[in-house]
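>>> Fold the stuff below for me.
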Amino acid sequence: MRRSTTRLLSACAIMSLLAACATTEVDFQGEGEGFVGPGAPVQAVIETPSVGTAGQDAADDPAVWAGATPVTVMGQQTPGFVAGTDKKSGLYIYGFDGQILQFLPEGLLNNVDVVEGLSVSGRPQVVLGASDRTPGKTGISLYTFDPAGTGQNGVRYWGAVATDVIEPYGFCFARRGAEVHAILVGHEGELRQFVLGVDAAGKPTAREVRRAEIGTISEGCAADEATDALYINEENVGLWRYGLNPASGAARTLIQPIAKDILVADAEGLTTITDASGRYLIASSQGDSTFPVWRIDGAAPQYKGRFKVVDGAVDGVTGTDGLAAASGPAGPFPEGVVVIQDDVNDVGTQNFKYVDWRDIRRALGL
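Numbering: from 1, shown residues only. Alright, predicted model coming up:
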């Protein structure tokens with residue numbers, strides 16, 4: 001049975017150890033063992049090097065950003081970048097060729113996302129946010145990238161949002177009109193939503209606008225402003241749709257319960273992607289290493305099938321924690337890309353794989 005937040009806080013105060021607060025829920029025990037369920041086969045075309053933490057469950061979640069024009073990251077020209085967490089040590093920034101552009105030794109970052117819409121000192125910034133489980137820093141860590149920067153321009157630490165969440169786990173950004181929202185999901189099922197801003201000194205501000213309890217261990221989240229929807233995976237229960245408007249509170253609808261050959265526990269990462277054919281939500285069905293897809297631009301999500309990533313130019317994908325997509329042109333991907341964490345990488349340790357969205361769309365007949 002899940003312990004109450006009050007009891008967890010007491011345990012943490014006594015033991016002063018993050019590990020003592022992370023054992024009230026047990027993750028699905030089959031993850032990463034290589035079982036792959038039914039799904040339309042696609043192949044990844046690019047992969048990143050293994051993350052630096054060898055022999056452990058380390059690579060976790062990516063985010064993708066593509067610029068309207070090429071940008072400079074640490075002296076290298078690139079159409080954009082992929083951010084990927086090593087949850088034991090920090091944040092990687094990769095090019096669309098899969099190569100490392102930058103590494104930030106930021107500690108125990110778990111989920112990462114990226115958003116536009118904020119300016120610092122009059123300069124529009126790309127903002128990255130990550131759930132941070134580092135003792136003494138638990139909350140949301142924020143980073144900026146100046147798309148107009150040159151030279152050794154790179155992703156830089158900006159500030160943090162402190163929270164009462166025991167173990168920050170899932171994270172996603174959302175846009176609501178001109179507002180940028182940061183949404184944090186706790187390991188114990190906490191939901192916290194903040195509106196981000198910038199103060200006169202150019203530092204981040206955060207105003208909490210919603211707190212709710214999801215129920216049990218939860219992680220993946222993704223927002224769809226057009227339908228005012230916030231999607232969250234409760235790992236051993238299923239896929240929920242909340243209102244993105246924080247005034248909707250804890251009201252929610254179960255879109256897909258855990259079910260064989262659709263969404264198998266752990267239900268993990270979530271991402272959205274848009275093209276001329278529609279707007280879609282992609283999830284990681286970690287228990288059987290597949291990826292269910294829903295069309296979400298109608299009155300209610302419509303299940304469209306599942307895909308799996310099999311061996312090809314690079315090895316296939318199993319046990320995925322996190323995934324992210326970019327809509328539209330993204331470097332060598334003219335209509336979008338989906339970046340997926342691979343739990344069991346054939347060469348080296350865990351890494352991230354890039355899949356052309358056109359291949360997924362074709363495989364599912366979208």
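>>> Contacts for stretch 246-265, please.
If you take CB atoms under 8 Å, 6 or more residues apart in numbering as the criterion, stretch 246-265 is touched by 28, 37-38, 181, 191, 193, 209-210, 212-213, 231, 235-243, 267, 283, 285-288, 290, 292, 294, 301, 303, 306. Glycine gets a C-beta too; all of them are placed from N, C-alpha and C.
>>> What is the end-to-end distance of stretch 140-155?
16 Å (CA to CA, to the nearest Å).
>>> Please enumerate the helices of the protein.
5-15, 357-364 (DSSP state H).
>>> Check these for me: which has the lowest mean pLDDT.
When the helices of the chain are compared by mean pLDDT, helix 5-15 comes last with a mean of 33.
>>> What residues of stretch 65-85 count as buried?
65-67, 71-73, 78-85 (16 or more other CB atoms under 10 Å).
>>> got those residues as a markdown table, with pLDDT and distance to V347 columns?
Output for the buried residues of stretch 65-85, formatted as a markdown table (pLDDT from 0 to 100; distance: CB to CB, whole Å):
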| residue | pLDDT | distance to V347 |
| --- | --- | --- |
| W65 | 98 | 27 |
| A66 | 97 | 27 |
| G67 | 93 | 30 |
| V71 | 97 | 30 |
| T72 | 97 | 30 |
| V73 | 98 | 25 |
| T78 | 97 | 24 |
| P79 | 97 | 26 |
| G80 | 97 | 25 |
| F81 | 98 | 23 |
| V82 | 98 | 19 |
| A83 | 98 | 22 |
| G84 | 98 | 17 |
| T85 | 97 | 20 |
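>>> Now for those: which two are most distant?
T72 and T85 (23.0 Å; CB to CB).
>>> List the buried residues for stretch 349-366?
349-361, 363-364, 366.
>>> List the ones among the contacts of stretch 246-265 that fall in strands.
Those of the contacts of stretch 246-265 mapping onto strands are 181, 191, 193, 209-210, 212-213, 231, 238-243, 267, 283, 285, 292, 294, 303, 306, per DSSP state E.
>>> ok, of the residues you listed, which come out buried?
181, 191, 193, 210, 212, 231, 238-243, 267, 283, 285, 292, 294, 306.
>>> quick one: strands adjacent to the longest strand along the chain?
Longest strand in the chain by number of residues, with DSSP E as the criterion: strand 59-73. Applying DSSP bridges, strand 59-73 is found paired with strand 76-86 (antiparallel).
>>> mind showing which ranges of the stretch 1-150 of the chain have poor pLDDT?
Scanning the stretch 1-150 of the chain for pLDDT under 70 picks out 1-34.
>>> switch the cut-off to 50
1-32 (pLDDT under 50).
>>> wait, G84 sits on F352?
Yes. Between G84 and F352 there is a contact under CB atoms under 8 Å: 5.0 Å.
>>> Now the common contact residues for these two.
48, 59, 62, 94, 339, 341.
>>> what's the burial count for the first one?
Meaning T48. 26 (other CB atoms under 10 Å).
>>> Same check on the last one?
Around Q341 sit 29 other residues, with neighbours defined as other CB under 10 Å.
>>> Give me the distance between it and S284.
8 Å (CB to CB, to the nearest Å).
>>> Same question for the fifth one.
Taking CB to CB as the measure, V339 falls 12 Å from S284.
>>> Could you pull out the residues contacting both of these two?
L323.
>>> Excluding residues flanking it in the chain, which one is nearest V264?
G287 (3.5 Å; CB to CB, 6 or more residues apart in numbering).
>>> Right, I'll call it a day here.
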